[in-house]
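Sequence first, predicted model second:
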Amino acid sequence: MLVLVAPGQGAQTPGFLTPWLELPGAADRLAAWSDAIGLDLVHYGTKADADEIRDTAVAQPLLVAAGLLSAAALGDVKPGVVAGHSVGEFTAAAFAGVLDDTAALRLVRTRGLAMAEAAAVTATGMSALLGGDPEITVPHLEKLGLTAANVNGAGQIVAAGTLEQLAALEADKPEGVRRVVALKVAGAFHTHHMAPAVAKLEEAAKELSPAAPTTRYVSNKDGQVVADGAEVVARLVGQVANPVRWDLCMETFQELGATALIEVCPGGTLTGIAKRALPGVATVALKTPDDLDAARTLIAEHAAV
C-alpha cells in the first residue's frame, strides 16, 4: 500500500523548482497558479534567495505548488493514503480531491498571509530537538513556556515559542536531547500565537465547496482518517494553532498496511523520519525530476490497482 505525503514549511531551498520547470507544461501550470493567487511562484521557486522564501506568506503557497507540480509529473497515481505535514496538509487535501489545485492554493495563500501577520506581533520561532524521550522533553518545554508544536516521531520534537524562550532552551536542553536546531520559519506555528490566523482562515473557508475525499486522508490533528470534506477543511483551519501529531499519522500508516511512501517535492524530511519510524517501508523523496523514475517504480510495485 502506497502512502503519498507532502512536506511542511522549512523544506524549501533557493532555486529548488528550477529543474521542475523544464518538464512539459510545468511552467504554464505554475504561471496559471501564480495569476490565480497573485504571487509570482516562478520567481520565488527559481530566483529568490533564502530570506525571500523564508517569508511565511511566500513559503506556504510555494511549497503547496511544488508538491502539486511534482505529483502531476508522476502521472496517474493511486495511493492508498495521503497526508501532509502542517502546510503540506493543503497539498494532501488536493491529492484527495477535497479541494481542486487552485482552491487549495488560494486558501493556503490566505493562510500564509494571516500567519505572517500573526507572527509579526511577537518575535517567535521554532527549533527541532534531536533525540530525547517525549515523556521528558514535553514537560521540560512546558516549564520553559514553550509548546511541543510538532511531535514528529523517531525522536524528533519541534518546540515553538518566543525567541527568548527558544534561547533558554538552547542553554537548558532536556535530558537526552543531542541538538537543538533553529528552523527556517518565521513564527511559532501551531501554537496560541497563531490564533488570529485561525479566524481569517475560517472566513476564507466559508467560500469553499469541499468534496468528500476520494483517497483516505490522514489528519495531523490526531492521525485519524477523515472521510468528510467539510471536516477536512475545518481541520485545516484549526490546525494552524494546534500541534502537528505526525507521530500519530505514521502509526495510522502502519495500521493501514503501508509498504511504501513517496514524499513530493521538496522531499527529504518526511522520508528521513519514515526510515527511522517505519522500518521495512520503502521510501522515495522527490527532490528533483531525476527522482521520478524511482518513484514510478515504487508506484508500480505498491500502488492500488
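Arrived safely, thanks for sending.

low-scoring pLDDT stretches of this structure, where are they?
304-305 (pLDDT under 70).

And the helices in it, which stretches?
Under the criterion DSSP state H, the chain carries helices at the ranges 26-37, 41-46, 50-54, 56-74, 88-95, 101-119, 134-143, 163-171, 195-205, 229-238, 246-255, 269-277, 292-302.

Need the ones you listed in TSV (columns: distance to R216 and mean neighbour count).
The C-beta positions use only the backbone N, C-alpha and C, and glycine is treated the same way. Formatted as TSV, these follow (distance: least, CB to CB, whole Å; neighbours: other CB atoms under 10 Å):
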stretch	distance to R216	mean neighbour count
helix 26-37	26	17
helix 41-46	29	21
helix 50-54	31	14
helix 56-74	16	25
helix 88-95	10	28
helix 101-119	18	22
helix 134-143	26	15
helix 163-171	36	15
helix 195-205	22	17
helix 229-238	11	20
helix 246-255	9	20
helix 269-277	17	20
helix 292-302	15	16
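
Would you confirm that A71 contacts F95?
Yes: in this structure A71 lies within contact range of F95 using CB atoms under 8 Å: 6.5 Å.

Mind listing the shared neighbours of those two?
With contacts taken as CB atoms under 8 Å, 6 or more residues apart in numbering, A71 and F95 have L4 as neighbours in common.

ok, S70 - contacts?
20, 264-265, 267, 286.

same question, A114
Neighbour list for A114: 196-197, 200-201, 240 [criterion: CB under 8 Å, 6+ apart].

quick revisit: out of the contacts of S70, who's nearest L163?
Nearest to L163, judged by CB to CB, of those is G267 at 29.5 Å.

Quick check: the residue lying closest to the closest one once chain neighbours are set aside vs Q254, distance?
For G267, ignoring the flanking residues on the chain, the nearest one in space by CB to CB, 6 or more residues apart in numbering is A285 at 3.1 Å. Per CB to CB, to the nearest Å, A285 is found 19 Å from Q254.

Then A188?
30 Å.

Ok, L62 next?
L62 is 31 Å from Q254, by CB to CB.

swap in H140?
Taken as CB to CB, the span from H140 to Q254 is 28 Å.

ditto for R111
R111 sits at a distance of 29 Å from Q254 (criterion: CB to CB).

if we can go back for a sec, JSON lines for the helices of the chain, including distance to T214?
Output for the helices of the chain, formatted as JSON lines (distance: least, CB to CB, whole Å):
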{"stretch": "helix 26-37", "distance to T214": "21"}
{"stretch": "helix 41-46", "distance to T214": "26"}
{"stretch": "helix 50-54", "distance to T214": "31"}
{"stretch": "helix 56-74", "distance to T214": "14"}
{"stretch": "helix 88-95", "distance to T214": "9"}
{"stretch": "helix 101-119", "distance to T214": "14"}
{"stretch": "helix 134-143", "distance to T214": "34"}
{"stretch": "helix 163-171", "distance to T214": "41"}
{"stretch": "helix 195-205", "distance to T214": "20"}
{"stretch": "helix 229-238", "distance to T214": "10"}
{"stretch": "helix 246-255", "distance to T214": "18"}
{"stretch": "helix 269-277", "distance to T214": "22"}
{"stretch": "helix 292-302", "distance to T214": "17"}
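
who wins for proximity to D222 among those helices?
helix 246-255 (5.9 Å).

and the closest one with helix 88-95, angle?
40 degrees (axes from the mean of the first three to the mean of the last three CA atoms, to 10 degrees).

Would you mind giving the orientation angle of helix 246-255 with respect to helix 134-143?
Going by the same axes, to 10 degrees, helix 246-255 makes 150 degrees with helix 134-143.
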